[in-house]
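In: all I have is the shape, not the residue letters:
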């Protein structure tokens with residue numbers, strides 16, 4: 001008599017891998033959608049060290065019950081050598097946040113960039129219908145930074161002006177030299193604290209803000225009462241970092257990473273299940 005597999009073994013399993021990983025709310029979203037659409041699947045957090053990546057990918061490739069994964073800091077670039085193939089956008093950004101299976105291969109994909117783009121397109125009255133090029137400052141040089149810079153360039157019909165600032169100059173220079181090969185315009189490196197004037201958007205891509213007392217310690221006082229200047233923090237938990245709180249007090253427009261996070265999850269879910277999941281009020285409440 002054939003032994004029946006347990007429910008856990010028979011269902012599809014998905015993971016988000018990173019380090020740290022406790023702050024991730026990805027399981028809340030994906031498990032909600034699995035339940036809503038009656039899909040027998042489970043999504044979990046998995047904290048890994050860098051030397052665990054190869055074994056995780058090997059297990060994922062060989063285990064028929066593991067159908068996909070998300071990748072968060074600090075592994076969005078480090079995971080690439082272990083994958084079989086990259087989508088076009090992952091090749092251009094050298095950043096992977098979603099892995100799916102296709103014809104026995106593990107494909108690395110980037111849903112961060114289009115999700116970031118969509119949040120800016122949905123921002124009402126920001127550019128007043130103007131298609132003038134954006135002038136942006138990106139803070140940080142981590143795995144998601146290239147996605148943000150790529151997305152901002154995609155919004156520009158003509159050449160924009162992008163700057164990147166990072167405490168470790170070498171990391172930023174390496175990103176500009178090797179991680180953004182397909183860009184029409186390479187961002188310019190700025191020394192820490194050197195804030196340009198007339199910026200349209202300032203994006204924090206670092207993890208500074210995850211802890212309550214975290215502060216980038218940058219002086220943005222020249223943007224006092226500048227409503228049209230957007231301060232965007234990719235952190236979504238907590239929902240208001242000191243970076244955003246200071247911007248709000250100055251009178252700037254502020255966005256946290258909540259909607260980008262949901263949109264990138266929606267696009268990953270579509271790849272895994274072929275279902276275009278609804279972003280409803282219940283999803284948004286889960287993240288508050």
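Out: Noted; the coordinates are in hand. Not measured: the values here are computed from a predicted model.

In: please, which helix or strand holds residue 269?
Out: helix 258-273 (DSSP states H and E).

In: gap between that helix and the chain center?
Out: 10 Å (C-alpha atoms, centre = their mean, to the nearest Å).

In: please apply the same query to stretch 236-252.
Out: 18 Å.

In: mind listing what's buried in stretch 37-44?
Out: In terms of neighbour count (16 or more other C-beta atoms under 10 Å), stretch 37-44 has its buried residues at 39, 41, 42, 43. Any C-beta I mention is one placed from the backbone N, CA and C, and that applies to glycine too.

In: could you find the closest non-adjacent residue to the first one?
Out: Counting by C-beta to C-beta, 6 or more residues apart in numbering, the nearest residue to residue 39 once its immediate chain neighbours are dropped is residue 273, at 6.2 Å.

In: any chance you could map the strands in the stretch 151-288 of the chain?
Out: 161-165, 188-190, 201-204, 230-233, 253-255 (DSSP state E, counting those that start in this stretch).

In: show me what the helix holding residue 269 is in contact with.
Out: Here helix 258-273 makes contact (C-beta atoms under 8 Å, 6 or more residues apart in numbering) with 14, 25-26, 29-30, 33, 37, 39, 41, 67-68, 70, 97-98, 100, 109, 111-112, 114-116, 118-119, 122, 234, 236, 239, 275-277, 279, 283-284, 287.

In: out of those, which are buried?
Out: Judged by 16+ other C-beta under 10 Å, buried ones among the contacts of helix 258-273: 14, 25-26, 29-30, 33, 39, 41, 67-68, 70, 97-98, 100, 109, 111-112, 114-116, 118-119, 234, 236, 277, 283, 287.

In: what about residue 145, distance to residue 41?
Out: Computed as C-beta to C-beta, to the nearest Å, the residue 145 to residue 41 distance reads 31 Å.

In: any idea what residue 69 is bridged to?
Out: Under DSSP bridges, the beta-bridge partners of residue 69 are residue 15, residue 99.

In: okay, now it: neighbour count?
Out: Close neighbours of residue 69, defined as other C-beta atoms under 10 Å, add up to 25.

In: about what we covered before: can you lay out the buried residues of stretch 37-44 as TSV showing pLDDT, distance to residue 75 and secondary structure?
Out: Below are the buried residues of stretch 37-44 laid out as TSV (pLDDT from 0 to 100; distance: C-beta to C-beta, whole Å; DSSP: H, G, I helix; E, B strand; the rest coil):
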residue	pLDDT	distance to residue 75	secondary structure
39	96	26	coil
41	97	22	strand
42	97	21	strand
43	98	17	strand
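
In: would you reformat these as JSON lines and include distance to residue 87?
Out: JSON lines is the format used below for the buried residues of stretch 37-44 (distance: C-beta to C-beta, whole Å):
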{"residue": "39", "distance to residue 87": "23"}
{"residue": "41", "distance to residue 87": "22"}
{"residue": "42", "distance to residue 87": "25"}
{"residue": "43", "distance to residue 87": "21"}
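
In: of the contacts of helix 258-273, which belong to helices?
Out: 26, 29, 30, 33, 112, 114, 115, 116, 118, 119, 283, 284 (DSSP state H).
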